[in-house]
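**Student:** return a 3D structure for these sequence lines:
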Amino acid sequence: MRDEEKKESSFIPHPSSLIPKIRRALRGEVDARTIALETLRRGTVSLRRRRERAELDQLDKSPARLSPQFARLSTSELLAHFRRRTVPKFFPGLDASNIDVTARLQRELFPEETRELLALAATMAKEHRWRLLGYGEKEFGKEKIDWLRDPLSGSRWPLAYHASLTLARQDGSDARVLWELNRLSHFIKMGRAFRLSGDERLAAEFFAQCESWRVQNPLGLGPNWACAMEVALRAMSLLTAFELFLSSAHLDEERLALLLTLLDQHGAHIRRNLEFSYISTSNHYLSDVVGLFCIGLMLPELANARQWRDWALKEMLSEMDKQVLADGADCEASTGYHRFVLELFLYSFILCRANQIEIEDRYWQRLRAMLEYVSGYLRPCGRAPLVGDTDSGQVLAIRSRSADDHAYVLLLGAAVFDEPRFKDQRLPVPEELLWILGEQGLRVYENLRPLREGASSQAFTEAGTYLMREGELYMLFNASGNGLGGRGSHGHNDALSLEVSACGRSFIIDPGTYVYTSDLKERARFRSTRYHSTVEVDGAEQNSTDEQMPFVMGDEAHPRVLAWEVTKEHDRIVAEHDGYARLHEPITHRRSVDFDKRAGYWTICDALMGEGEHTFRVRCHFAENLEVSIIADKIVRACDKMTGALLMLVPIDALDSAELEECFASRDYGEKHETLSACWTLRARAPLIFRWLIVPVCNGEDERARLEMAGASMQAVEVNAGESV
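**Tutor:** Residues are numbered from 1 along each chain as shown. Take a look at the predicted model:
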């Protein structure tokens, strides 16, 4: 057998080699039929990839496959067709029929943002430099952008067959960061700037970058074809840029053919390499489906467009049934991926409405529930808690948003649903509202009268997210599982953890994600139990993890809520988990929180039930820019020096002083900053109860008076352990 044939044949795994991979995926409950179907599917995929690999050269050289009606047109006639067509409709604010009005309103309503956008687009075009995720500004090539050079390590990724690439190379490179560059979302900013300025140099640079991307990324080869999700998101950016640059004098017959070929190849590649699994599907498969839907809808001139559109629409709604929980939360135990999945559905539904494609009301109601979830978890300051993973991903980056900026999606939803409860006058009108929904959507939003009452305490029981709120006081209590039905690809070890905001700012936070595969130690650290405001026992993880498997987590904790009560004056929650039941001497952690709304403080009771001597660590992670200290030997005091607002953690039981630990937090993928956590360490026999208060001091309140109030509250707390828990 020739070497080339050996290489091809070795690409097809023997069925026995599939078994370990399937076992690794089997976290959660999976029946025998599903396992059989998944085994068969993976074998079929391997055969399909062998065929794809053999045909890549031919596929790469093939022009766009047009439907018979358009294949008969000359290239000049085809270009004229695209410039005059009125259907399909794109997003109202970006559609060719409305784009001039959108540009005028952008200049009128967002003058400072317009100046920033024009300056950014000029830098993108002339210097090939812009901000990438949380890594700050990066330069991607002086003469031409090097689409295969890793922005972190500087090494070039190989042009190997996409399915045979090793993506986690552990050399400082990060496929996620390379993919962010190759999502081509900067084309949307350049296109917006072109519509605002009419500067043809931006159009010339756009087409030049498209051409260089096409040359450097032959179909199916290299990391930029290795994940169908990335292909789908890139296709959506290209479709948006196509609409924005459609009027440019630089768009000639040859460049039109290039764009149509690129988008046809993207659609066909997605269809061949769908990230589907019978065991579970996630935001990856949903992205595949939405990308294919957008190509099929917006390019009916392609031969496969109608088939792609109809199939993808059906799959998208099916995935909404599977991936969105009954209370509106995404199933992956992550607020970051909730934002991303919400964008996928929201933008797709807006396109359907614009093109008079009917969607059953129950799906619109499920979309509304997703927005209700955002409305529920946003802090009083308008920022989002970063529960679980976030990679700062956006579907259409009209404007680049940090990972904890979710409000713009909610405000879009306010206009889509004509819902005043989703409007917050304290937050600025987002540019996305204009560019996605157009002038009409903007007017709908402006005419909404927001309700006067603030957000109230609320439970999202399917998600395991419980909010205790009163005015500026906010606590998120996390009782979620590890996500994806126990498979935990984006969940963290954060059972029974807390987030607290008061006095207009965050105090106790989830430290976020930081990175995925570029640093596996940091990846493990940020999703560990010790990096969350909960209780750690004997240094163990709540759910088992393996540093070498950054997207795999065990399913041992199974948090459950035992009580949830909400009244005008008082909230109470009691929950527990079994993450430490696998210890030699098992422990169950039960945490109760009582919220006195009138007095404005929380009482926490941690009960560690079981036997034997253990090391217990109770931690709270603080936000940045706080001065954290220990006073009176045991009270932890976190102060915002700018405003004078502070938060005190006051132990009720006799304990040694807390220690302040140096740690990190990340608000954006790839960014981290120094913070502190407070940690009480107890070496004691179980059962054990540890009680403490969280006392905010706001609005010029007297700190001593609040401490005296806390002292009175401490005396009022029942010593009886049974009553406390």
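
**Student:** in the top helix by length along the chain, what counts as buried?
**Tutor:** Among all segments of the chain classified by DSSP state H, the helix with the greatest residue count is helix 32-61. Along helix 32-61, these residues count as buried under the neighbour rule (16 or more other CB atoms under 10 Å): 35, 38-39, 42, 45-46, 49, 52-53, 56. Quick note: C-beta positions are derived from backbone N, CA and C, even for glycine.

**Student:** just the closest of the residues you listed to Leu473, please.
**Tutor:** Within those, proximity to Leu473 (CB to CB) peaks at Glu38, which comes in at 47.0 Å.

**Student:** quick check: the closest one touching Thr281?
**Tutor:** No: using CB atoms under 8 Å as the test, Glu38 is too far from Thr281 to be in contact (11.7 Å).

**Student:** dump the buried residues of helix 32-61 to TSV, plus distance to Arg401 and pLDDT.
**Tutor:** Conversion of those to TSV gives the following (distance: CB to CB, whole Å; pLDDT from 0 to 100):
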residue	distance to Arg401	pLDDT
Ile35	40	91
Glu38	36	94
Thr39	41	94
Arg42	36	95
Val45	35	96
Ser46	39	95
Arg49	35	96
Glu52	35	97
Arg53	38	97
Leu56	36	97
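
**Student:** any chance of TSV for the residues you listed, columns distance to Ser497?
**Tutor:** As requested, these are arranged in TSV below (distance: CB to CB, whole Å):
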residue	distance to Ser497
Ile35	33
Glu38	33
Thr39	37
Arg42	36
Val45	38
Ser46	41
Arg49	41
Glu52	44
Arg53	46
Leu56	47
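
**Student:** if we can go back for a sec, next helix or strand past the longest helix of the chain?
**Tutor:** Helices and strands here follow DSSP states H and E; after helix 32-61, the next one along the chain is helix 68-71.

**Student:** can I get the CA coordinates of that next one in CSV?
**Tutor:** The C-alpha trace of helix 68-71 is given here as CSV (Å, rounded to 0.1, in the frame of the first residue of the first chain):
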residue,chain,number,x,y,z
PRO,A,68,-30.6,27.6,-13.1
GLN,A,69,-32.4,30.9,-13.2
PHE,A,70,-29.2,32.8,-12.3
ALA,A,71,-26.6,30.5,-13.8
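
**Student:** can I assume Val593 sits in a helix?
**Tutor:** No: with DSSP: H, G, I helix; E, B strand; the rest coil as the criterion, Val593 is assigned strand and is not in a helix.

**Student:** what about stretch 159-172, distance to the chain center?
**Tutor:** Here stretch 159-172 is found 23 Å from its chain centre; the criterion is CA atoms, centre = their mean, to the nearest Å.

**Student:** alpha carbons of that stretch, in CSV - could you do that?
**Tutor:** Extracted in CSV, the C-alpha atoms of stretch 159-172 (Å, rounded to 0.1, in the frame of the first residue of the first chain):
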residue,chain,number,x,y,z
LEU,A,159,-2.6,24.0,6.3
ALA,A,160,-3.4,20.4,7.3
TYR,A,161,-6.8,18.8,6.6
HIS,A,162,-9.2,20.5,9.0
ALA,A,163,-10.4,17.4,10.9
SER,A,164,-6.9,16.1,11.6
LEU,A,165,-5.6,19.2,13.3
THR,A,166,-4.7,19.3,17.0
LEU,A,167,-6.3,22.4,18.3
ALA,A,168,-5.0,22.4,21.9
ARG,A,169,-1.3,22.6,21.1
GLN,A,170,-0.1,23.7,24.6
ASP,A,171,2.5,26.0,23.1
GLY,A,172,0.9,29.3,24.1
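
**Student:** i'd like the first residue to be 51 from this point on
**Tutor:** Sure, I'll start counting at 51 from here, so that last one is stretch 209-222.

**Student:** quick one: buried residues of it?
**Tutor:** Neighbour-count burial for stretch 209-222, counted by 16+ other CB under 10 Å, picks out 209, 211-213, 215, 217-219.

**Student:** stretch 335-345 now?
**Tutor:** Under the neighbour-count criterion of 16+ other CB under 10 Å, stretch 335-345 has 335-345 buried.

**Student:** same list, those residues, but as TSV with secondary structure, pLDDT and distance to Gly270 please.
**Tutor:** Putting the buried residues of stretch 335-345 into TSV (DSSP: H, G, I helix; E, B strand; the rest coil; pLDDT from 0 to 100; distance: CB to CB, whole Å) gives the following:
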residue	secondary structure	pLDDT	distance to Gly270
Tyr335	helix	98	19
Leu336	helix	98	22
Ser337	helix	98	19
Asp338	helix	98	16
Val339	helix	98	20
Val340	helix	98	21
Gly341	helix	98	16
Leu342	helix	98	17
Phe343	helix	98	22
Cys344	helix	98	21
Ile345	helix	98	17
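
**Student:** any chance of CSV for those residues, columns distance to Glu280?
**Tutor:** Conversion of these to CSV gives the following (distance: CB to CB, whole Å):
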residue, distance to Glu280
Tyr335, 13
Leu336, 14
Ser337, 8
Asp338, 10
Val339, 14
Val340, 13
Gly341, 9
Leu342, 14
Phe343, 17
Cys344, 15
Ile345, 14
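
**Student:** closest to Pro161 among these?
**Tutor:** Cys344 (31.5 Å).

**Student:** go ahead and confirm that closest one touches Ala285.
**Tutor:** Yes: between Cys344 and Ala285 there is a contact under CB under 8 Å: 6.8 Å.
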